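In: have a look; sequence and predicted model below, questions after that.
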Amino acid sequence: MIIVMQPDADEAAIAAVEAKIRAHGLDVHVSRGTERTLIGAVGDERVLDPEMFDPMPGVEKSMHIVKPYKLVAREWHKTNTVISAGGVAIGGSTVQVIAGPCSVETAPQMTAAADGVAAGGARLMRGGAFKPRTSPYTFQGKGLDGLKLLKDAAGRHRLPVVTELMDVRMLDAFLEHGVDVIQIGTRNMQNFDLLKAVGEVTTPVILKRGMSATISEWLMAGEYIAAGGNHNIIFCERGIRTFETAYRNVLDVTAIPVMKRETHLPVIVDPSHAGGKAWMVPALSLAAVAAGADGLLIEIHPNPKDAWCDADQALTPIEFAALMEQLRGVARAMGREL
Ligand code: PEP
Ligand code: MN
């Protein structure tokens, strides 16, 4: 961190800044220029924050010189990390597709959905048992029964499962039920206690981008999980909020190459919650793979119009199979398989 002093800062002000840096265990390097003095903090500056220095007498501004995240940063880990999600490699040469309904509804619905996931060639199945709904009066998910239905349906095709954890009190139940990948949803990206809790287990985590989160905040949320010891993190871009109202969210395609540059961890894309309409899903999926995404998280439903949640954005199994064919061509053009 560098602290820039005001031109009229006196020796006492400089000494106070030096003392604060040393109190946090870092060394100090002072550079006295003709107009102003710069004070450098030497050591792991992540324990320091500009707000520690900016209010001090004589300080003009202070700034980090290294990125605030480390464990997730490519700067410290050049090669791509490949994560085993229930035995399926995410982040390697194969673009992995996770598909399934928004929410777990009934056994027949899950059986038909799992058949569609497998027939289309996806390697993992999704399904929400605990749903973060905008209204408390709408369907909230089947809860633990939903986890069982998801595991049973996916198990028939040996598909590992992905499902959202909203409440830290459910973590043990997720582990007992054999959830293969824990999803942290957009609304919980900065639920730091939840991030710390999933940081203490080894189960892979899909960390969705907060709908208004910057890239840096998203990476820092990943850093929370990694700092707890769980490095099995998959970032998922799912659309962000902008001024545009013509579709549910704006798929931030730009975030894909930026994230791939910033982190060694896999980056996948959820085109379903981005567009919010089934007809947009193919275009957004193809764009995501062309932009370098390591995988896709796609909502499908045996009868989309009857879906209990997100009916408008679910693909039918037939539409999904057709999309998988198209995706194969783009993946190949990118030098990858699907
Ligand atoms: C979901 O995947 O079902 C979901 C609720 O996603 P998001 O958190 O991105 O809205
Ligand atoms: Mn959904």
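Out: Now that the structure is in, tell me what you want to look at. Residues are numbered from 1 along each chain as shown. Ligands and ions are numbered 1, 2, ... in the order given.

In: show the pLDDT at whichever residue of the stretch 51-200 of the chain sits closest to ligand 2.
Out: Closest residue of the stretch 51-200 of the chain to ligand 2, CB to the ion: residue 102 (3.2 Å). Quick note: C-beta positions are derived from backbone N, CA and C, even for glycine. At residue 102, the model reports a pLDDT of 98.

In: so what's the nearest residue to it once chain neighbours are set aside up against?
Out: Nearest residue to residue 102 in three dimensions, chain neighbours excluded: residue 310, at 3.9 Å (CB to CB, 6 or more residues apart in numbering). Going by CB atoms under 8 Å, 6 or more residues apart in numbering, residue 310 touches 102, 103, 272, 273, 299.

In: and stretch 172-187 with ligand 1, contact?
Out: Yes - applying CB under 6 Å from any ligand atom, one finds stretch 172-187 touching ligand 1 at 185, 186.

In: so which elements touch whichever strand or helix holds residue 285?
Out: Assessed by DSSP states H and E, residue 285 sits inside helix 281-290. Helix 281-290 sits against strand 267-269, helix 271-275, strand 295-299, helix 317-333, with contacts defined as 3 or more CB pairs under 8 Å, 6 or more residues apart in numbering; DSSP states H and E.

In: surely the residue of the stretch 51-200 of the chain closest to ligand 2 touches residue 298?
Out: No - Residue 102 is not in contact with residue 298 according to CB atoms under 8 Å; the separation is 10.7 Å.

In: quick check: neighbours shared by those two?
Out: Both residue 102 and residue 298 are contacted by residue 272, under the criterion CB under 8 Å, 6+ apart.

In: touching, residue 100 and residue 115? I think so.
Out: No - here residue 100 does not reach residue 115: they are 11.2 Å apart, not a contact under CB under 8 Å.

In: higher neighbour count, the two?
Out: Taking other CB atoms under 10 Å, residue 100 and residue 115 do not tie; residue 100 has more neighbours (30 against 15).

In: okay, and the beta partners of that one?
Out: Taking DSSP bridges, one obtains residue 299 as the residues bridged to residue 100.

In: report the contact partners of it.
Out: If you count contacts by CB under 8 Å, 6+ apart, residue 100 has them with 113, 114, 117, 125, 126, 127, 150, 154, 162, 299, 300.

In: out of those, what pair is the most spread apart?
Out: Greatest spacing in these, by CB to CB: 154 and 299 (15.1 Å).

In: neighbours around the closest residue to ligand 1 within the stretch 201-338 of the chain, how many?
Out: Going by CB to the nearest ligand atom, ligand 1 is nearest to residue 238 of the stretch 201-338 of the chain, at 3.8 Å. The number of residues packed near residue 238 is 24, by other CB under 10 Å.

In: same deal with the one 5 residues further on?
Out: Here the number of neighbours of residue 243 (other CB under 10 Å) works out to 5.

In: touching ligand 1 at all, the helix holding residue 285?
Out: No - on the criterion CB under 6 Å from any ligand atom, helix 281-290 is out of touch with ligand 1, staying 13.2 Å away.

In: check which residues of that helix are buried.
Out: Neighbour-count burial for helix 281-290, with 16 or more other CB atoms under 10 Å as criterion, is recorded at 281, 282, 284, 285, 286, 287, 288, 289.

In: what's the angle between that helix and helix 317-333?
Out: Counting by axes from the mean of the first three to the mean of the last three CA atoms, to 10 degrees, helix 281-290 lies at 20 degrees to helix 317-333.

In: what residues does the stretch 101-250 of the chain put near ligand 2?
Out: Contact residues, the stretch 101-250 of the chain versus ligand 2 (CB under 5 Å from the ion): residue 102.

In: contact residues of the stretch 101-250 of the chain facing ligand 1?
Out: Counting by CB under 6 Å from any ligand atom, the stretch 101-250 of the chain comes close to ligand 1 at 102, 128, 132, 164, 185, 186, 208, 238.

In: now do the contacts for the second one.
Out: Spelled out, that is residue 128. Residue 128 makes contact with 101, 102, 103, 104, 141, 146, 163, 164, 309, according to CB under 8 Å, 6+ apart.

In: the last one: how many residues sit nearby?
Out: Taking other CB under 10 Å as the neighbour definition, residue 309 ends up with a count of 20.

In: do the third one as well
Out: Here the neighbour count serves as a burial measure; for residue 103 (other CB under 10 Å) it reads 27.

In: roughly how far does it sit from residue 273?
Out: Look at residue 103 and residue 273: by CB to CB, to the nearest Å, they are 13 Å apart.

In: which residues of the stretch 151-300 of the chain fall in strands?
Out: Along the stretch 151-300 of the chain, counting by DSSP state E, counting those that start in this stretch, strands occupy 161-164, 181-184, 205-208, 233-237, 267-269, 295-299.

In: next, format those as JSON lines and append mean neighbour count.
Out: Shown next, in JSON lines, are the strands of the stretch 151-300 of the chain (neighbours: other CB atoms under 10 Å):
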{"stretch": "strand 161-164", "mean neighbour count": "26"}
{"stretch": "strand 181-184", "mean neighbour count": "24"}
{"stretch": "strand 205-208", "mean neighbour count": "27"}
{"stretch": "strand 233-237", "mean neighbour count": "27"}
{"stretch": "strand 267-269", "mean neighbour count": "26"}
{"stretch": "strand 295-299", "mean neighbour count": "28"}
